[in-house]
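*Asks:* Pasting the sequence and the predicted coordinates here, then a few questions.
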Amino acid sequence: MTADKYPDDAELLQRYGKVRAMSPHVANIALLCIGAQCSQLLIAEGGRPQALYRLAIGPDSIAKQYLLHTPPAPRELEAAIFAIEEQIAAAHISVASGLPLYSSDPLVRRVAHFSHATGEETFSLGIESVERSFNRLVNLTLGQPAAREALPLDPEFVATLLLLRELLHHLRFSSLIVFA
C-alpha cells in the first residue's frame with residue numbers, strides 16, 4: 001500500500017475474505033484498513049459488504065499536521081482528536097452499535113500490543129483497553145515520567161492510538177480484533 005492512496009478494492013476484499021473465514025458465524029462486522037494518509041472502513045451486514053467509508057486521515061497525516069512534539073503537548077492531542085472527529089462526521093458513517101472492528105494493520109497490532117492484548121496471530125481487545133492506553137498517553141502529555149507508563153511516544157504510534165480510540169468511541173464498536 002502506498003502512503004498516499006487507499007488500498008485497492010482487491011486488497012480490501014482479500015482482507016475481508018480473511019475476516020469472513022475467521023468468523024463465519026459473525027454476520028455483521030467492520031473492517032479497518034489504515035493507510036499513512038487515509039483510512040477505510042468496510043461495513044458488512046448479513047455476511048456481505050454493504051458500505052465503504054473513506055477517511056482522508058491516517059497516522060502520517062495526523063502526525064505531520066498535529067503531533068509536533070514528543071510527547072505531544074495537550075493542545076496537539078486535542079487538535080488531532082478534533083481533526084479525526086471531523087473526518088468521522090464528514091464520512092457520515094452509519095454503523096450498528098456493538099459491531100466488532102477487525103484490522104490486520106501492523107500499526108493497529110502495535111497499539112494493541114501496548115494496550116496489553118494477548119495472543120499471537122489473532123486476538124481481541126476491549127475498547128476499555130484502548131481507552132486505558134489513551135489515558136496513559138494523556139498522563140504522559142501532562143508530564144508523568146515516560147518510564148512509568150511504558151508507552152511509545154513516536155508520532156506514528158500516538159496518531160494510530162488516537163485514530164483507533166476515536167473510531168471505537170464514536171462508532172461504538174464492541175471490540176477490536178487484530179488478525180495476521
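*Replies:* Looks like it arrived, so ask away.
*Asks:* and His69, helix, strand or coil?
*Replies:* coil (DSSP: H, G, I helix; E, B strand; the rest coil).
*Asks:* in this protein, which spans are strands?
*Replies:* Counting by DSSP state E, the chain has strands at residues 29-34, 39-45, 48-55, 100-103, 123-126, 175-178.
*Asks:* and Glu78, which of those is closest to it?
*Replies:* Nearest to Glu78, of all the strands of the chain, is strand 48-55, at 18.8 Å by CB to CB. To be clear about C-beta, it is placed using only N, CA and C from the backbone, and glycine gets the same treatment.
*Asks:* C-alpha coordinates for the closest one, CSV please?
*Replies:* What follows is strand 48-55 as a C-alpha-only set of coordinates in CSV (Å, rounded to 0.1, in the frame of the first residue of the first chain):
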residue,chain,number,x,y,z
ARG,A,48,-21.9,-9.3,2.8
PRO,A,49,-20.1,-6.0,2.4
GLN,A,50,-22.7,-3.2,2.5
ALA,A,51,-20.8,0.1,2.8
LEU,A,52,-17.3,1.5,2.4
TYR,A,53,-16.3,4.7,4.1
ARG,A,54,-13.1,6.6,3.3
LEU,A,55,-11.5,8.9,5.8
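*Asks:* would you turn the strands of the chain into CSV with distance to Ile62, mean pLDDT and mean neighbour count?
*Replies:* Shown next, in CSV, are these (distance: least, CB to CB, whole Å; pLDDT from 0 to 100; neighbours: other CB atoms under 10 Å):
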stretch, distance to Ile62, mean pLDDT, mean neighbour count
strand 29-34, 10, 94, 24
strand 39-45, 10, 94, 20
strand 48-55, 11, 93, 15
strand 100-103, 16, 95, 24
strand 123-126, 20, 88, 18
strand 175-178, 18, 94, 23
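*Asks:* Kindly present these as CSV, with separate columns for distance to Leu13.
*Replies:* Shown next, in CSV, are those (distance: least, CB to CB, whole Å):
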stretch, distance to Leu13
strand 29-34, 10
strand 39-45, 9
strand 48-55, 8
strand 100-103, 14
strand 123-126, 23
strand 175-178, 18
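*Asks:* Please identify which of those is closest to Thr160.
*Replies:* strand 29-34 (6.8 Å).
*Asks:* If you count contacts, what does that closest one end up packed against?
*Replies:* helix 9-22, strand 39-45, strand 100-103, helix 106-114, helix 155-171 (3 or more CB pairs under 8 Å, 6 or more residues apart in numbering; DSSP states H and E).
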